[in-house]
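In: mind folding the following:
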Amino acid sequence: MCVDANAGIRAQARERAAAKDARFASEGLKFFNKEVTLERTQQQNVVGLSRDESDAYAQALATLGKGRLRVQDATRAYFQIS
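Out: Residues are numbered from 1 along each chain as shown. Below you'll find the model as predicted:
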């Protein structure tokens, strides 16, 4: 029977290599998650901006409509049209 004197050292080296590979994969995943988070945040910001612009436009149209209604009411009262 052959006894390998370096078997324990090789096993430790395999464990260190596996731990190193796991750390590398973990760091890569962290970087990927940061990129995805940034992209999602930017997309949400764009959606929020377009919604805000749309809300402001709708509010402006409503305000214009109210102003025109007041002008119409004033004109009707001035000419006493029912």
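In: use CA for all of it now, contacts and neighbours both
Out: Noted.
In: any idea how far residue 79 is from the one residue sitting closest to the centre of the chain?
Out: Among the residues of the chain, residue 41 comes closest to the average C-alpha position under CA atoms, centre = their mean, at 2.3 Å. Applying CA to CA, to the nearest Å, the value for residue 41 to residue 79 is 57 Å.
In: also residue 2?
Out: 117 Å.
In: show me which of these two is the more surrounded one.
Out: Ranked by neighbour count (other CA atoms under 10 Å), residue 2 and residue 79 place residue 79 first, with 9 against 4.
In: show me the contacts for that one.
Out: Applying CA atoms under 8 Å, 6 or more residues apart in numbering to residue 79 gives no contacts.
In: got any ranges where this protein has weak pLDDT?
Out: Scanning the chain for pLDDT under 70 picks out the ranges 1, 82.
In: what segments of it are helices?
Out: 7-79 (DSSP state H).
In: check the burial of residue 52 by counting its neighbours.
Out: 12.
In: let me redo that: residue 73
Out: Neighbourhood size, residue 73 [other CA under 10 Å]: 14.
In: over to residue 64?
Out: Neighbours of residue 64 (other CA under 10 Å): 12.
In: state the distance from it to residue 74.
Out: Distance of residue 64 to residue 74, computed by CA to CA: 15 Å.
In: same deal with residue 52?
Out: Using CA to CA, one gets 33 Å for the distance from residue 52 to residue 74.
In: same check, this time on residue 44
Out: 45 Å.
In: check residue 35 too.
Out: For residue 35, the distance to residue 74 equals 58 Å [CA to CA].
In: again, but for residue 59
Out: Separation of residue 59 from residue 74 (CA to CA) stands at 23 Å.
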